[in-house]
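>>> Return atomic coordinates for the entry below.
(chains A and B)
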Amino acid sequence: MRTVKWNAFLSGLCGFAVALGVLAASAHADVVTEKGASILIFPKVIANGEQDTIIQITNITNNMVHARCFYVDSQLPPGCQIEDARVGCIPSWSETDFSIWLTKQQPTHWLVSAGRPVDPTDDFAYVLKPAMRPYDGAGIDPGAVPPVPEGFTGELKCIQVMADGTPIGANSLKGEATIEDLTGLSPGDVSKYNAIGIQGTEAAAATCGDPTQDCFLQLNNPRGTTDGEYNACPETLILNHFADVGTDPVTGDDVRTQLTLVPCSENFETQTPSHVVVQFLVYNEFESRFSTSTTVTCWKNTFLTDIDSPNNPDQSVFSATVLGSTVAQTRMNPADPTDGTFNGAVVGVSETIRSESGAYTTRTAHNIHTEGDRFTGTDGGAFDQIILPRLF
Amino acid sequence: MGTVKRNPFLAGIAAILGGVMLVANVASAELGSDKSGAILVFPKLVANSLSNPTTDTEIQISNTSTHQIGVRCYLVNANSHCSNAGAPIPGGGTVPLICTSSSECNAGGLLPGGTCVAAWNEQDFRFTLTARQPIVWRLSEGLAVFPLSGLLYQEDNFPPNTHVGPVDNDPNLPAPLQGQPAVNIDSKIPPAPEDPFLGELKCVQVDLASEEPSPGTESVNNFSGDLAGVATIITRDGGDVDARSYNAIGIQAIADAFPTDNNVLRLGTDGQYDGCPSILILDHFFDYAPDPATGTQVNTTLTLVPCSENFFLQNGGRVSTVAQMLIFNEFEQRLSTSRTIKCLDTVPLSDITTAPGPGDDDTSIFNVGVQGTLTGQTRIRAVDGSDPTRGDGLLGLAEEFHSDSITRSAAFNLHQSGIRFNPDLIVLAPPQL
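Below is the predicted model:
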């Protein structure tokens, strides 16, 4: 009798496992911004006193979900305006990690500058006592989420894991980030984007079973295949944008675009920043093509014109002056080195900023379109990797 | 005992079936706002120059391929109209033509019988895009002159009437266009037909010569479509401006399934395009929640549009779909509600379960006071109807408003899960009548 009961359970479990396996195997291989995923990337997270960011993460399944999250701080040393190694203006690229867990279908959120301490008695007292600072911890706390260091500018990556910390490709997570202006011409202005999701397969994190070994998450599952661990990062990013320092058709005021890129590959064990050379092709409305390039080291946040002409925006290939049209399409591809090394992929978001000097600023955030897979399976299987620190 | 013996088999079969259904639901889902597609859907476009603040929408569409492509677009006018428009109102004024509720038509009860009648009317247009070409236009103005249309070389070394544009030697081009300058042939976009205007835009990639629906032209994305789009809704209130932006939803083509059948585009099972999602997932602040960063009040407006649309018979105003919603708060507590969607539905979350307007919002299940946490997850499932000529898939968009003395906003695309088993149908009018 007991055996029979176990059979029922096992039979169901096996059936479900088989189905899940098929499910994982048949899913499309793509980086996504609207579907559940096993790795979430928030490329742009700011908490520098002028702006703050609200992170929302949701478990979209009926199972308990755990995740390891990594803040990567890319703020410059005091006194530095732009990244410049010649004068010591090099970002710290330090990471802070924490764990969260979400019950079935549970949404959660936190303010990046404040984090979210575990306090089962907390509430949103602001409603009752408007003079108080918002205290918004109501709900099942997802774990101890630390506040970021002062002046934080960087990214957040979250990786779905099992209770013991081993990564799993169950694709249960989705997320959003809301960036808010706290100061400036338009305090309270908001922009919002969906977190970039990398979907996993049943083979996810096959190398991560031994907690004494480095854990490599291999982003080696291009579209059309089923035997990789996580979906490959995109080969091409496609950004539709206004010509920089151009005129907005509706408001007649200045419009600029800020681009944020982060490498897909990251080594959280050795804290070694990844470098990716990115080539840009810029097409205006007359099908004229321009090009430029830049290097993304760990995290890059830049106005488009600063990519190729930081001292004179009007001479940039992204500028309205050079493009001669209102909008443009920019295609970004990692350069292919000729020395046999692998130049990984990048992902990112953009913000369009409309402003009138002395009057207002309003920002909108966009998820960037993607195309193809950054996977060179024919030459030894080069692909992006995320290396997690050992648990000890 | 007998029951126990049957359990292993049933449990296994049930689990496998459940899993297989899951697989069926997700196996080919490739509809999203982060990839180019062969159909673009802009769920919400707004223009209003008569109110304060004024509103307009900027629409950007790009051809992501290296080939010239054709596009047919359908601008759906979702304005409602007063049944007694123009009637004099006691005390002065007349009943407006365009309305959002019947109280605007009956002047708060002064004119019994005046009702706000939901409408559905489409206006279509077509244009071409050259390789990699982006365009932008204002909803209120349209685009009368395309970047590469109409310009003629003035220099003597060009034959008369030679258009300005890069010479296109694409062997896939119709013969008359090969070796000619790439131009936006017969391209024009009309302005929104009414002011104020609320509506939706669907655009379909078509063959340059026949204007029949076509898949994409690039092997790098499996010929799944070459259109990418962005819409930005801009509100100007005196000297202050607020903008919110979203990516158009792209529906990818399945190249092997073409050609299509008589302008009937089938989305999903046995179709030429990927199916609409089974479930839409919205992460949101509960209405009237205090913003954790600024303390301002956060409200969310949800816009839903049907995947299926018949642009030939224009029956969009007579069909509807029921959307079932499950709402989870941060305690994992679940509440539910539903709403009937016709044509285009844009509604503050609180008003889904309470009367329009803020008067009774504090009793809504989307209210922060009812839910007890700041954020929640709402899962939206369209209920299958019985009409075999259409499906019941839904697509949507969320707009988040942070209000203090002024209002700031952001728009974002909804997440999705699975694809619907029953296909959706978009019926186009034939290109040549």
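>>> Identify the residues contacting residue B:307.
B:267, B:276, B:391, B:392, B:393, B:394, B:395, B:424, B:426 (C-beta atoms under 8 Å, 6 or more residues apart in numbering or on different chains). Using the backbone N, CA and C atoms, a C-beta is placed for each residue, glycine as well.
>>> please redo it, this time with the cut-off set to 7 Å
B:267, B:276, B:391, B:393, B:394, B:395, B:424 (C-beta atoms under 7 Å, 6 or more residues apart in numbering or on different chains).
>>> Now restrict the residues you listed to buried residues only.
B:267, B:276, B:391, B:393, B:394, B:395, B:424 (16 or more other C-beta atoms under 10 Å in any protein chain shown).
>>> I figured the fourth one hits residue B:418, correct?
To tie it back to what came earlier, the one meant is residue B:393. No: between residue B:393 and residue B:418 there is no contact under C-beta atoms under 7 Å: 10.8 Å.
>>> sorry, back to before: out of the contacts of residue B:307, name the ones that lie in strands.
Residues of those located in strands (DSSP state E): B:267, B:394, B:395, B:424.
>>> farthest pair in those residues?
Pairwise distances across those (C-beta to C-beta) peak at 12.1 Å, for the pair B:267 and B:394.
>>> and chain A, which of the contacts of residue B:307 reach it?
For chain A, no contacts are drawn from those by C-beta under 7 Å from any C-beta of the partner chain.
>>> of these, closest to chain A?
When those are ranked by distance to chain A (C-beta to the nearest C-beta), residue B:395 comes first, at 10.9 Å.
>>> For that closest one, give me its contacts.
Taking C-beta under 7 Å, 6+ apart as the criterion, residue B:395 is in contact with B:41, B:43, B:249, B:276, B:305, B:307.
>>> Low-confidence regions, the stretch 301-433 of chain B specifically.
B:432-433 (pLDDT under 70).
>>> and it, which of its residues are near chain A?
B:328-332, B:368-369, B:372-377, B:400, B:402, B:404, B:408-410, B:412-417.
>>> Any regions of the stretch 1-150 of chain B where pLDDT drops low?
B:1-31, B:150.
>>> Nearest to chain B: which residue in the stretch 51-200 of chain A?
residue A:139 (2.4 Å).
>>> State the three-state secondary structure for that residue.
Of the three states, residue A:139 takes coil under DSSP: H, G, I helix; E, B strand; the rest coil.
>>> Next, the contact list for it, please.
A:108, B:329, B:330, B:331, B:373.
>>> Next, count neighbours for the third one.
Spelled out, it's residue B:330. Neighbours of residue B:330 under the rule other C-beta atoms under 10 Å in any protein chain shown: 27.
>>> which ones are touching it?
Counted by C-beta under 7 Å, 6+ apart, residue B:330 has contacts A:106, A:107, A:108, A:138, A:139, A:140, B:373, B:375.
>>> would you turn the contacts of residue B:395 into CSV with secondary structure and distance to residue A:283?
Output for the contacts of residue B:395, formatted as CSV (DSSP: H, G, I helix; E, B strand; the rest coil; distance: C-beta to C-beta, whole Å):
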residue, secondary structure, distance to residue A:283
B:41, strand, 24
B:43, strand, 27
B:249, strand, 23
B:276, coil, 31
B:305, strand, 30
B:307, coil, 31
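>>> Determine which two of those are furthest apart.
Taking C-beta to C-beta as the measure, those span a maximum distance of 12.2 Å, between B:43 and B:276.
>>> Tell me where the chain has helices.
I went with chain A, as the question did not name one. With helices called from DSSP state H, chain A shows them at A:2-26, A:304-308, A:320-323.
>>> oops, I was thinking of chain B
Under DSSP H, chain B gives helices at B:2-26, B:102-105, B:368-371.
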